[in-house]
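J.: Just the structure for this:
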Amino acid sequence: MMKKTKKTKKQPAWPAMIALVALLLLPVLLPASSAIAQDDFPFWLDRDYDPAIPTIKQTLGYAPGERITWHRDALRYFEALAEAAPERVRIVEYGESWQGRKLIYAVLSAAQNIARIEQIKAAMQSLADPRQTPAEQAARIIADQPAVTWLSYSVHGNEISPTDAAMLTAYHLLASRGDSRVASIMGETVVIIDPVQNPDGRDRFVHHFTSEAGLQPDSDRLSAEHDEPWPGSRTNHYLFDLNRDWFIMTQPETQGRVAALQEWYPVAFVDAHEMGSDSTYFFAPEADPYNPHLAVDQRESLQLFGRNNARWFDEFGIDYFTREVYDAFYPGYGASWPSYFGSIAMTYEQASARGLVFRQYDGNELRYAETVRNHFLTSLATAETVANNREKLLADWYDYRVTAIEEGEQEENRAYLFPVQHDLAAVTRLAGLLRRQGVEVARAAEAFSACGVDYAEGSYLIRADQPAKRLIRTLLEPQVAMAEEFLAEQERLRANGLPDQIYDVTAWSLPLMFNVAMHICDRVPEAEFASAGTELVIPAQVQGGEAKVSYLVPWGSAPAARLLAKGLLAGLRIKSSDLAFTSLGREYRAGTLIIDVADNPDDLYQTLSSLAAETGAEVVAINDSWVTEGPNFGSGNVVRFNVPKVAIAWDEPTSAYSAGNTRFVIERQFGYPVTPIRVDRIASADLDRYQVLLLPLAARGSYQNALGEGGAENLRDWVDAGGVLIGLGNATRFLAHPASGLLDIRRERAVPAARSGPGDPGEAGEESEEGKETASGSPGNGPVAVAVNVDTRSESGQGAVVAGSHLVDEGQFRDRIAALEADPDAVAGVLARADVDPEHWLAAGVAPVLNVLVRGSDIYTPIRIDAGVNVARFQGPDELLASGYLWDENRRQLAYKPFVVAQPRGAGHVIAFTQDPTVRAYLDGLNVILMNAIFRGSAHARPVR
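T.: Residues are numbered from 1 along each chain as shown. This next block holds a predicted model:
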């Protein structure tokens, strides 16, 4: 019998309908980013604020830390503050990002200081040059001069809390009536807040987070809202790490910031960051190693700031750490570069919530509001430290400039000289770059001699006896030494299989990276010099007027490569000689461009005149094609350029840095467009319309896995048909993998240290006797094995056991615990010399020796002569290291191994750069060989399609 159901009253349908509509409208109703209410969060102990100053919630609709603020909204809030308190706030626009977003900073101080703000800036300029401002005058200035504190936030787009802390800091300084420090900070100092250093990256992150937001913020570390897709949002539009761009100044964000800092000369500079989510908070003092060119009082002053930060963190019960991880050695950080004009520069690092809440490894739920609060506290504490130590910090800043001049007069290295040389354009660019950073550079108006060397008119001189002396030594000298104690500790860690503590590259000498000749002299030459300008390119003119036969562009410089790129895009027909030749008594290098009048439009002279002025390239008109030495213009050794369609692998597994940096170099430094193609499309797409494809470094995964056998086959077919495939850095792993079948070299494993007997250590990397096979089965370069009996039977579930042996010393113990097969130890970054084979067309116009930034652990076998050419190979073990600190085993193994390998395949070519030539866009000395790979590679291909 069926059970009788109770009849219920019919419910109205509208509540369910409303719920359904709400669910459908959830993406519309969802706030810009999911929010966690923070109205009662204790950002500060006293909440007595001036109601005349607009709060973040009144302006943007949410409380601090409740949402992640878009760049446009951060600017809107600062504009609201300036409108509410114009006598205490000024907004200055100092630049624009690649994507057109404004870069601004806010100047905050007491009304009486803002009223004379230009006078305050002028006074700092006076203190900046002790040669014009003697000590007595400086003392008078310091007595009445507010000190400048510069607070910079969110240089990395996904380091989100600093920007919201910047807004809260500004509000507090303008509105707080209960914080007794504020009057002193505003009266004794000028606080400059740069709220968003990387607006393109920040908005990329906020867009990602908003797109992944659900019903409520998710603390799960696996949640999509915490897991950014490629390329991530750390970087700017061209995927540069802006915190590595300070002295090379390739990006507009950096260029504007460097110029602005030199208008104000802050005595303290803070770069507010975020770090791994499972950490706490870091502030100064920094970790070892310190750059030896920092002044003693700079290091001592770090203690002042650190102790005051700690005091306020203790007040709030916040954990922190100092003197670990983040060092003060590399000069290209925001927390380093300002040090070299005298500032106390510091990095502050907060564990990131990477959203509104994040569950840390110990189960703690880290809220975004906490991360904002912590940066807010250190921002105020920093400004407080400057206010409390105003006179000391200003006096120290002035003394930094004084002692720099004195040291420059007394030290052995007193003059840095750049002679007139083949690539004078690179020297000009280097000189302009230094001038833009406050370095005094002069150019000789006459010939002169110094330290036994003759210099022609037009040579450059940089004297050490100037306020920027420490920056000069840091950027120009071939070696900046790390403390011996630090290096010894790194070797100890490495010997025990522990990671070293070297945070970034150990070499960055600009003359080496630009591959220009520089001489250091112990005295200043006497001659007539004129101040060099800040220009990076000097416009050129066509030499010889309008030609009847041809125009020649000597090859081997960036301006010539720019003219080639722009000329091809302008429709010019351009040829080039693979060999050197002599025309009308002048010898022209291999690679020289030949632009025939008969092959080009009637306005060729006007076009080349415009391109010479724009690019700075030398253009020589000739009216006679006769060549007295070398190939004639119609020789088979002269190739005609096509207009190559260039593509670059994009998206995972590529390194965003490498992909972006490479695209930037080609597009922005040479003016040639690049098509980014996602890697998963390369595997099966028809690539016939492209002549060149670049594979940047891989970061997440490998090309082998991403492309698979089908992708490798597609690339082989494309190269066979005339494509030029260029691998950069560890992309060579894919090219050299046996399964890809693209390049006949192999990646090497580490060479174990051979031992000739018990307790008798052998030479690292030493081959066994006469190359005989070792017990490892490989000829030479292998370990001397000690045979052991292996019992593979399982006994009582304990697995395999081995026969006993005696270890008689530490050396045998080390041998026994060493990995049987391992990669070479990774290198943080050194500059290594590579010799160039001048016979190959890739070497046309290239310097005979290149300086290569070696990073990571990749080392490759040379290619055999019947398969291809080692166009550039590292020098011998005793000569290859140009700058930096290199593990001894790596130095020996890297010797004579290839940097550039070229292998013809079918109608095309495979070219490998075993190290990345475009890293951070600061290896200008490698640009010519990279342009050769692209343009000459395409010209030398013989496509069958």
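J.: before we move on, which element is the closest residue to Lys57 other than its chain neighbours in?
T.: The shortest distance from Lys57 to any non-neighbouring residue, by CB to CB, 6 or more residues apart in numbering, is to Ala63 (4.9 Å). Placement of C-beta: from N, CA and C, glycine included. Using DSSP states H and E, Ala63 is not contained in any helix or strand.
J.: Spell out the residue ranges of the strands in the stretch 101-250 of the chain.
T.: Across the stretch 101-250 of the chain, reading from the start of the chain, the strands by DSSP state E, counting those that start in this stretch fall at 102-108, 147-153, 189-194.
J.: how much does the last one deviate in direction from strand 102-108?
T.: Between strand 189-194 and strand 102-108, the angle comes out at 160 degrees (axes from the mean of the first three to the mean of the last three CA atoms, to 10 degrees).
J.: how about the helices of the stretch 801-945 of the chain, start to end?
T.: Under the criterion DSSP state H, counting those that start in this stretch, the stretch 801-945 of the chain contains helices at 810-817, 888-894, 927-931, 937-940.
J.: Can you say which of those helices is packed in most?
T.: Among those, helix 927-931 has the highest mean neighbour count (mean count of other CB atoms under 10 Å), at a mean of 25.
J.: sorry, back to before: can you tell which of the helices of the stretch 801-945 of the chain is closest to Pro738?
T.: Pro738 lies closest, by CB to CB, to one member of the helices of the stretch 801-945 of the chain: helix 888-894, at 21.1 Å.
J.: Please write out the alpha-carbon positions of the closest one in CSV.
T.: As requested, C-alpha coordinates have been extracted for helix 888-894 and formatted as CSV (Å, rounded to 0.1, in the frame of the first residue of the first chain):
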residue,chain,number,x,y,z
ASP,A,888,86.3,26.2,-10.6
GLU,A,889,84.7,23.0,-12.0
ASN,A,890,82.5,25.0,-14.3
ARG,A,891,85.4,27.1,-15.5
ARG,A,892,87.3,24.0,-16.5
GLN,A,893,84.3,22.3,-18.2
LEU,A,894,83.1,25.4,-20.0
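J.: What is it packed up against?
T.: Contacting helix 888-894 under the criterion 3 or more CB pairs under 8 Å, 6 or more residues apart in numbering; DSSP states H and E are the following elements: strand 760-764.
J.: now the strand it packs on: mean pLDDT?
T.: In this model, strand 760-764 has an average pLDDT of 33.
J.: Could you report the neighbour count for the residue nearest to Ser576 when sequence neighbours are not counted?
T.: The shortest distance from Ser576 to any residue that is not its chain neighbour, by CB to CB, 6+ apart, is 5.4 Å, and that residue is Leu593. Residues near Leu593, counting by other CB atoms under 10 Å, number 25.
J.: which residues does Leu593 contact?
T.: Contacts here follow CB atoms under 8 Å, 6 or more residues apart in numbering; on that basis Leu593 touches Leu552, Val553, Trp555, Ala560, Leu563, Leu564, Gly567, Ile574, Lys575, Ser576.
J.: when you check the residues you listed against the strands, which ones overlap?
T.: The strands in this structure, assigned by DSSP state E, contain Leu552, Val553, Lys575, Ser576 from these.
J.: what about the strands in the stretch 651-800 of the chain?
T.: Applying DSSP E, counting those that start in this stretch to the stretch 651-800 of the chain gives strands spanning 675-678, 692-695, 724-728, 753-757, 760-764, 790-791.
J.: where in the protein is pLDDT low?
T.: Scanning the chain for pLDDT under 70 picks out 1-34, 36-40, 753-802, 944-945.
J.: What is the strand ranked longest in it packed up against?
T.: Using DSSP E to define each element, the chain has its longest strand at strand 827-836. Strand 827-836 makes packing contacts with strand 849-856, strand 869-874, strand 881-883 when contacts are defined by 3+ CB pairs under 8 Å, 6+ apart.
J.: Centre of the chain to that strand, how far?
T.: Between the mean C-alpha location of strand 827-836 and the chain-wide mean there is a distance of 17 Å, by CA atoms, centre = their mean, to the nearest Å.
J.: Could I get the buried residue list for that strand?
T.: Val827, Ala828, Gly829, Val830, Leu831, Ala832, Arg833, Ala834, Asp835, Val836 (16 or more other CB atoms under 10 Å).
J.: Pro877 contacts Lys897, doesn't it?
T.: No: Pro877 is not in contact with Lys897 according to CB atoms under 8 Å; the separation is 10.7 Å.
J.: Which one's more surrounded, these two?
T.: Shown here are Pro877 and Lys897; by other CB under 10 Å, Lys897 has more neighbours (19 against 16).
J.: In the stretch 501-650 of the chain, what residue spans correspond to helices?
T.: Taking DSSP H, counting those that start in this stretch as the criterion, the stretch 501-650 of the chain carries its helices at 510-514, 558-569, 604-615.
J.: Does anything pack onto the shortest one? Which helices or strands?
T.: Secondary-structure packing of helix 510-514 (3+ CB pairs under 8 Å, 6+ apart): helix 424-435, helix 469-476, strand 849-856.
J.: same question, the second one
T.: Other elements packing on helix 558-569 under the criterion 3+ CB pairs under 8 Å, 6+ apart are helix 424-435, strand 550-553, strand 593-596, helix 604-615, helix 927-931.
J.: Nearest to Val542 among those would be which one?
T.: Proximity of the helices and strands packed on helix 558-569 to Val542 was assessed by CB to CB; the nearest stretch is helix 604-615, lying at 5.2 Å.
J.: now that closest one against helix 424-435, angle please.
T.: Relative orientation of helix 604-615 and helix 424-435, computed by the same axes, to 10 degrees: 40 degrees.
J.: so what's the residue nearest to Ala175 when sequence neighbours are not counted up against?
T.: Leaving aside its sequence neighbours, Ala175 sits nearest to Ile53 (CB to CB, 6+ apart; 3.7 Å). If you count contacts by CB under 8 Å, 6+ apart, Ile53 has them with Leu81, Ala84, Ala85, Tyr171, Leu174, Ala175.
J.: ok, now Tyr238?
T.: Trp98, Gln251, Gly660, Asn661, Arg663, Phe664, Arg668 are the contacts of Tyr238 under CB under 8 Å, 6+ apart.
J.: so which of the helices of the stretch 801-945 of the chain gets nearest Pro644?
T.: Scanning the helices of the stretch 801-945 of the chain with CB to CB as the criterion, the closest one proves to be helix 937-940, at 3.9 Å.
J.: quick one on the thing from earlier: of all the helices and strands packed on helix 558-569, which lies closest to Asn198?
T.: Among the helices and strands packed on helix 558-569, the nearest to Asn198 by CB to CB is helix 424-435 (21.4 Å).
J.: got the contact list for the next helix or strand after the closest one?
T.: Where DSSP H and E defines the elements, the next helix or strand beyond helix 424-435 is strand 442-444. Here strand 442-444 makes contact (CB under 8 Å, 6+ apart) with 431, 455-463, 527-532.
J.: Try it again at 6 Å.
T.: Applying CB atoms under 6 Å, 6 or more residues apart in numbering, the contact partners of strand 442-444 are Glu457, Ser459, Tyr460, Leu461, Ala527, Phe529, Ala530, Ser531, Ala532.
J.: before we move on, what about stretch 477-491?
T.: Residues beyond stretch 477-491 that count as contacts (CB under 6 Å, 6+ apart) turn out to be Asp288, Pro289, Asp500, Ser509, Ser883.
J.: Let me see the contact set for Trp718.
T.: Contacts of Trp718 were listed using CB under 6 Å, 6+ apart, and they are Leu687.
J.: Just give the number of residues close to Asp288.
T.: With other CB under 10 Å as criterion, Asp288 counts 16.
J.: And what about it, helix, strand or coil?
T.: Local secondary structure at Asp288 is given as strand here, using DSSP: H, G, I helix; E, B strand; the rest coil.
J.: got a list of what it touches?
T.: Phe486.
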